[in-house]
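Engineer: Any chance you can model this:
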Amino acid sequence: MVLSTEKHQLEQLLPAKTEHKLSVTNHRNPFLNQDTANNNSTHYALVVKKDCPTCALIEPVIKSLADHSALSLKVYVQDDPSFPANLSGVIDDSTLEYSYQQGIEIVPTLIRFKDNSEEESRIFGWEKKQWQSFTGIDKLGAELIEFKPGCGSKTQDPGMEEVLALRFGGQGLQARTVELAEAEDIMEACYDRGWSDGLPVVPPTPLRVMRMLKGCSRDAAEIIGNVPPDNVPCSIEKIAINAVMAGCKPEYLPLVIASVEAALQDRFCMHGLLCTTYFSSPVMVVSGPITKQIGMNSGLNALGQGNRANATIGRALQLLIRNVGGGVPGGIDRATMGNPGKYTYCFAEDESDEDWASLAMDRGFERRDSVVSLFAGDGLQAILDQQSRTAASLAKSMALSLRSVAHSKLFGLADAILVVCPEHRRVFRESGWSKEDLRKALYEELMTPGSEIIRGAAGIAEGMPKKFKDKILNKFRDDGLHIVTTGGTAGMFSAIIGGWVAAGERGSQIVSQKL
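Structural biologist: You can find the predicted model right below:
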């Protein structure tokens, strides 16, 4: 769905259409309707603008061409139809329709047409000998300087490409258009139609969607999969619409697309994640060069507010699941409490230490790859340790906190992400530990006799089934504990993102998608 509020946006950039209208045929050759007496003359079209020094320079040349009996000339002016002065028959192209259809990039541009209406050749800018040869007029512009480069066509002004494509290019969107009443508030209209996550959204007008689609090279009609829970086919265009509503910039679109592709992998089990009464929602961890290219935050307050890329990319995925797939709270989304990450939960890894592997590298990618990883996670749980100065002590401290994921007596149910802050990473590095050393130490620390965590142990009814009494259990399944680094360089505060209690093949597994 897109909102048809383009009129005012377009009129800020383009004036309303004038009475002069051009047919598709006339765009190829504006001289087809000339009188028979002129059929043997050479036909030219000249596109200029008053606000161009080169066009002003050749004003005498334009008049000479217009007065020449051996050729027929049509002059199109992009900005001021009073230019050139004292020249009749000038065509007002301030809507830029003719310029767009002819692909004008530089003014002045002089086009020569064949009698069969096809363009024969064109020149642009001013080069005296070239113009004399092109028109067959030996002394054309003899009094002028030899050369002066042209100016940019108004069709090349920032943002104009999409405006003109919408108005004249026939590049319509496939989404249905929602007409708004004259007095209808555009922001409230988005709320009223159920497109919002509770916060205001950017109205998805066709112009905004067209500009968003420029952020990637993929076909807008390409279907990348079916979005749960309603299994609705999802196109690149639909992703772009929701990216607009989330507040994304066009350069974020490839990452948003990759996040959707990741969410639609069977291993992630998006449908099940929507249906659960548990807290979990998609957590997005971004690794690789893309994080710097689009300005993501991996430093101070990386898991908080304030960074547009972090905030809107994660939100775009959530909005798409809602608006395309139908995953609406109170419908199939039955979370008992949910968590604030259901608005957006996206951050970049701090990869400043090249000897510390990124999450993407743990998943088999190279550091040069841009990768988004999706994890079915809950809210943030703090780990405060300001005293440990050795890797061994800090690993034991973190392991103790990790026991509380889901419940201290429930093992093997939920995966987790351990978010190691830069200061804690420094402690490990100064002790000569790698990330893999930390992972192994944590697994060893988390091995626990079943007798301590079965139901009823320590007077607590919750726990593991009694069949595990004589076994040694680990808190996490194999490939169930993931380690990332993000955050500011001051503060010995790490964190845990606990996972959905349906982890592994029976539920959700972390997935990664390369851009």
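Engineer: Look through the chain and tell me its longest helix.
Structural biologist: helix 308-323 (DSSP state H).
Engineer: how about that helix: buried residues?
Structural biologist: 309-323 (16 or more other C-beta atoms under 10 Å). Quick note: C-beta positions are derived from backbone N, CA and C, even for glycine.
Engineer: Also stretch 135-145?
Structural biologist: So for stretch 135-145, counting by 16+ other C-beta under 10 Å, buried means 135, 137, 140, 141.
Engineer: So which residues lie in contact with it, not counting its own?
Structural biologist: With C-beta atoms under 8 Å, 6 or more residues apart in numbering as the test, stretch 135-145 has contacts from 42, 44, 57-58, 60-61, 64-65, 68, 70-71, 110, 126, 128, 131-132.
Engineer: Now list the buried members of those.
Structural biologist: Buried by 16+ other C-beta under 10 Å: 42, 44, 58, 61, 64-65, 68, 71, 110, 126, 128, 131-132, out of the contacts of stretch 135-145.
Engineer: With respect to residue 225, which of those residues is nearest?
Structural biologist: Nearest to residue 225 among the buried ones among the contacts of stretch 135-145: residue 110, at 50.0 Å, using C-beta to C-beta.
Engineer: Quickly note the distance from that closest one to residue 123.
Structural biologist: 5 Å (C-beta to C-beta, to the nearest Å).
Engineer: Then residue 200?
Structural biologist: 51 Å.
Engineer: Now for this structure, the helix or strand with the poorest mean pLDDT.
Structural biologist: For the chain, the helix or strand with the lowest mean confidence is helix 24-28, at a mean of 35 (criterion: mean pLDDT, DSSP states H and E).
Engineer: Just say helix, strand or coil for residue 389.
Structural biologist: For residue 389, the assignment made with DSSP: H, G, I helix; E, B strand; the rest coil gives coil.
Engineer: quick one, what contacts it?
Structural biologist: By C-beta under 8 Å, 6+ apart, the neighbours of residue 389 are residue 427.
Engineer: If I look at it, what pLDDT would I see?
Structural biologist: Looking at residue 389, its pLDDT is 96.
Engineer: same thing with residue 165?
Structural biologist: Per-residue pLDDT puts residue 165 at 88.
Engineer: repeat for residue 21
Structural biologist: 29.
Engineer: Report the secondary structure state of the closest residue to residue 180 other than its chain neighbours.
Structural biologist: Nearest non-adjacent residue to residue 180, counting by C-beta to C-beta, 6 or more residues apart in numbering: residue 189, 5.6 Å away. For residue 189, the assignment made with three-state DSSP gives helix.
Engineer: The contacts of stretch 135-145 in helices, which ones?
Structural biologist: 57, 60, 61, 64, 65, 128, 131, 132.
Engineer: Generate TSV for the residues you listed, with pLDDT and distance to residue 152 as supplementary columns.
Structural biologist: Converted to TSV, those look like this (pLDDT from 0 to 100; distance: C-beta to C-beta, whole Å):
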residue	pLDDT	distance to residue 152
57	97	16
60	95	23
61	96	20
64	94	25
65	94	23
128	97	22
131	97	20
132	96	25
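Engineer: quick check, nearest of these to residue 243?
Structural biologist: Closest approach to residue 243 among the ones in helices among the contacts of stretch 135-145 (C-beta to C-beta): residue 57, at 45.1 Å.
Engineer: residues contacting that closest one?
Structural biologist: Counting by C-beta under 8 Å, 6+ apart, residue 57 touches 126, 144, 145, 148.
Engineer: could you dump the residues you listed to CSV with secondary structure?
Structural biologist: CSV is the format used below for these (three-state DSSP):
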residue, secondary structure
126, strand
144, coil
145, coil
148, strand
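Engineer: how about the strands in the stretch 351-500 of the chain?
Structural biologist: 371-384, 416-420, 447-449, 472-474, 481-485, 493-499 (DSSP state E, counting those that start in this stretch).
Engineer: One more: the stretch 51-200 of the chain?
Structural biologist: Assigned by DSSP E, counting those that start in this stretch, the stretch 51-200 of the chain shows strands spanning 71-77, 91-92, 106-107, 109-113, 119-124, 126-127, 147-148, 151-152, 177-178.
Engineer: Tell me which of the ones you listed sits nearest to residue 160.
Structural biologist: Residue 160 sits nearest to strand 151-152 of all these, at 10.4 Å, using C-beta to C-beta.
Engineer: pLDDT of that closest one, averaged?
Structural biologist: Per-residue scores along strand 151-152 average to 97.
Engineer: Please tell me how far residue 47 sits from residue 147.
Structural biologist: For residue 47, the distance to residue 147 (C-beta to C-beta) stands at 19 Å.
Engineer: More neighbours: which of the two?
Structural biologist: Using other C-beta atoms under 10 Å, the more surrounded residue of residue 47 and residue 147 is residue 47, with 28 against 12.
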